[in-house]
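Chemist: Here is a sequence with its predicted model. Questions after.
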Amino acid sequence: MMRVTMTGIELLAKAAAAYAKTAAELDKPVGGGFGDAAILGGTVLAAPRLLNAGAERALGAQRFVHGTSPLAAKSILNSGLQPSFGGHSSGSSAAADSSRYIDQSKNRIHVALDNIAGRRLVAGPHAALAHAQQDALAGGKKLSFEEQVNAFRSGLFGRGGKIVGGAMPYEAFKQVMEQDPDHFQHIAFRSNQAIGPAQLSSGRAGLRQIINARADNILQYLKKNPLRFAGGAGALGLAGLAMEQGGKAATRLVSRGMSTPEPGNDKVTA
């Protein structure tokens, strides 16, 4: 059975759990305006990620990402991920100048799970390599080894190329995808079946795509994947807690701003 890597959600969950432990104290002003500003900033960062990750697991969807060049991304968003373009001369396999990678990519689509490892270690480098290859072909030249290394390094930090995201039902993902032998296990996958444009998005798939890709039968999905469903429900709960505390912090910041003393007056009106 395919195991879904949960590194990112686990880290967020640990942070949110520590956050929840001191929820009673957070009802009071913490560290003045700086404390509330930090809480509000953390909420803005964590809540949407927890919400999307929780909805993905609770609704039976699977998000994925595909790294490519900006030019190819436009075509993919219009016509979908097509196996016939696997191993194309403008792709990342050709950029790596490896006949083996090109052969392995032919008539297949390649995606990675939408998590930190999938985005940084798989989709990012592929996107940067494909972008470098696109520029090289436009200039009528071949990428040097140094240029390949530089593109790969840039991709690790999310620079270069374009990420196309998507979502599909979790059970359907397991049926049509297989492990990519050239990449990390449980992170990178490939398939000989196309993914239509309706399932794709420019950038990471959001809540709308997740809802559209929800399982047809939630109860059946729950019975087959109880731990995945429970993890999603827990993440949704943590997202709600984070938004609640963020709202309280925002209210305190507004109240503190309204009670700012006049210049020369050291006392703060309650």
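Modeler: Thanks, I have it. Numbers count the residues shown, from 1 in each chain.

Chemist: got any ranges where the stretch 51-200 of the chain has weak pLDDT?
Modeler: Low-confidence segments of the stretch 51-200 of the chain (pLDDT under 70): 87-104.

Chemist: Which stretches in it count as strands?
Modeler: Counting by DSSP state E, counting those that start in this stretch, the stretch 51-200 of the chain has strands at residues 61-68, 109-113, 162-169, 178-179, 188-191, 200-202.

Chemist: Just give the strands next to the first one in its sheet, each with its orientation.
Modeler: With DSSP bridges as the criterion, the sheet partners recorded for strand 61-68 are strand 109-113 (antiparallel), strand 162-169 (antiparallel).

Chemist: Single out the most deeply packed of the ones you listed.
Modeler: Highest mean neighbour count among the strands paired with strand 61-68 (mean count of other Cβ atoms under 10 Å): strand 109-113, with a mean of 27. Yep, even glycine has a C-beta here, placed from its N, CA and C like the rest.

Chemist: Just the residues contacting that strand, thanks.
Modeler: 4-5, 62-67, 81-83, 86, 118-119, 121-123, 126, 166, 177, 180, 183, 186-195 (Cβ atoms under 8 Å, 6 or more residues apart in numbering).

Chemist: What are the structural domain limits within the protein?
Modeler: 1-60+225-270, 61-214 (automatic domain parsing).

Chemist: same question for the host helix or strand of residue 236, mean pLDDT?
Modeler: Using DSSP states H and E, residue 236 sits within helix 226-258. For helix 226-258, mean pLDDT is 76.

Chemist: Dig out what residue 166 forms beta bridges with.
Modeler: residue 64, residue 200.

Chemist: can you check residue 162 too?
Modeler: Counting by DSSP bridges, residue 162 forms beta bridges with residue 68.

Chemist: contacting residues around it?
Modeler: 67, 68, 69, 70, 72, 73, 127, 131, 202.

Chemist: For the strands paired with strand 61-68, give me JSON lines that also has distance to residue 142.
Modeler: JSON lines is the format used below for these (distance: least, Cβ to Cβ, whole Å):
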{"stretch": "strand 109-113", "distance to residue 142": "22"}
{"stretch": "strand 162-169", "distance to residue 142": "22"}
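
Chemist: gap between residue 196 and residue 84?
Modeler: 14 Å (Cβ to Cβ, to the nearest Å).

Chemist: If you could redo that for residue 202, that was the one I meant.
Modeler: 22 Å.

Chemist: Check residue 78 too.
Modeler: For residue 78, the distance to residue 84 - Cβ to Cβ - is 15 Å.

Chemist: Ok, residue 65 next?
Modeler: 21 Å.

Chemist: quick one, which of the two is more surrounded?
Modeler: Neighbour totals were compared for residue 65 and residue 84, and residue 65 leads with 24 against 11 (other Cβ atoms under 10 Å).

Chemist: rewinding a little: okay if I get the strands of the stretch 51-200 of the chain as JSON lines plus distance to residue 228?
Modeler: Output for these, formatted as JSON lines (distance: least, Cβ to Cβ, whole Å):
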{"stretch": "strand 61-68", "distance to residue 228": "10"}
{"stretch": "strand 109-113", "distance to residue 228": "13"}
{"stretch": "strand 162-169", "distance to residue 228": "13"}
{"stretch": "strand 178-179", "distance to residue 228": "18"}
{"stretch": "strand 188-191", "distance to residue 228": "17"}
{"stretch": "strand 200-202", "distance to residue 228": "22"}
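
Chemist: quick one, which of these is nearest to residue 150?
Modeler: strand 61-68 (15.9 Å; Cβ to Cβ).

Chemist: picking up where we left off before, which of the contacts of residue 162 sit farthest apart?
Modeler: 131 and 202 (15.2 Å).

Chemist: Look at those two and report which has more neighbours.
Modeler: Legend: neighbour count by other Cβ under 10 Å for residue 131 and residue 202, higher for residue 131 (27 against 12).

Chemist: The more buried one: what's it in contact with?
Modeler: Residue 131 touches 69, 70, 151, 160, 161, 162, counting by Cβ under 8 Å, 6+ apart.

Chemist: what about 10 Å?
Modeler: 67-73, 90, 92, 95, 151, 154-155, 159-162 (Cβ atoms under 10 Å, 6 or more residues apart in numbering).
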